[in-house]
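Peer 1: just coords:
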């Protein structure tokens, strides 16, 4: 199961498994974002290449206006995926 929402602080929270079947729901939440936000990975168990693609598209769109996504609470497995794919050069990960 996957859940994505904008929390009470205006940041994005992810939970569950972010795969290709979740692209539409993620796009609905991420497309309206126009300013820099944190994306909380605390409860995310898995991310597929499709999930990574949505995050990269959002990052590129925000970068055009000087904004960005900052990823927080990223577990070791997902952090390793970002490192191997060199996405840690695209995103700020705290």
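Peer 2: On my side now, so go ahead. It should be emphasised that the depicted structure is a prediction, and the values quoted were computed from it without experimental measurement.

Peer 1: Select the longest helix from this structure.
Peer 2: helix 49-63 (DSSP state H).

Peer 1: contact partners of it?
Peer 2: Outside of helix 49-63, the residues within contact range by Cβ atoms under 8 Å, 6 or more residues apart in numbering are 18-20, 22-23, 26-27, 30-31, 33-36, 39, 68-69, 81, 85, 87, 90-91. Every residue, glycine included, has its C-beta placed from N, CA and C.

Peer 1: try 7 Å this time
Peer 2: Where contact means Cβ atoms under 7 Å, 6 or more residues apart in numbering, the residues beyond helix 49-63 that reach it are 18-20, 22-23, 26-27, 30, 33, 36, 68-69, 85, 87, 90-91.

Peer 1: Kindly report the same for stretch 82-94.
Peer 2: 52, 56, 59, 68-72, 74, 79.

Peer 1: most centrally placed residue in the protein?
Peer 2: residue 55 (4.7 Å; Cα atoms, centre = their mean).

Peer 1: wait, is residue 42 part of a helix?
Peer 2: No. Secondary structure of residue 42 (DSSP: H, G, I helix; E, B strand; the rest coil): strand, not part of a helix.

Peer 1: surely it meets residue 73?
Peer 2: Yes. In this structure, residue 42 is within contact of residue 73 by Cβ atoms under 7 Å, at 3.8 Å.

Peer 1: Pull out the buried residues from the lowest-mean-pLDDT helix or strand in the chain.
Peer 2: Between all helices and strands in the chain, the lowest mean by mean pLDDT, DSSP states H and E belongs to helix 76-84, at a mean of 93. For helix 76-84, a neighbour-count test (16 or more other Cβ atoms under 10 Å) marks 78, 81-82 as buried.
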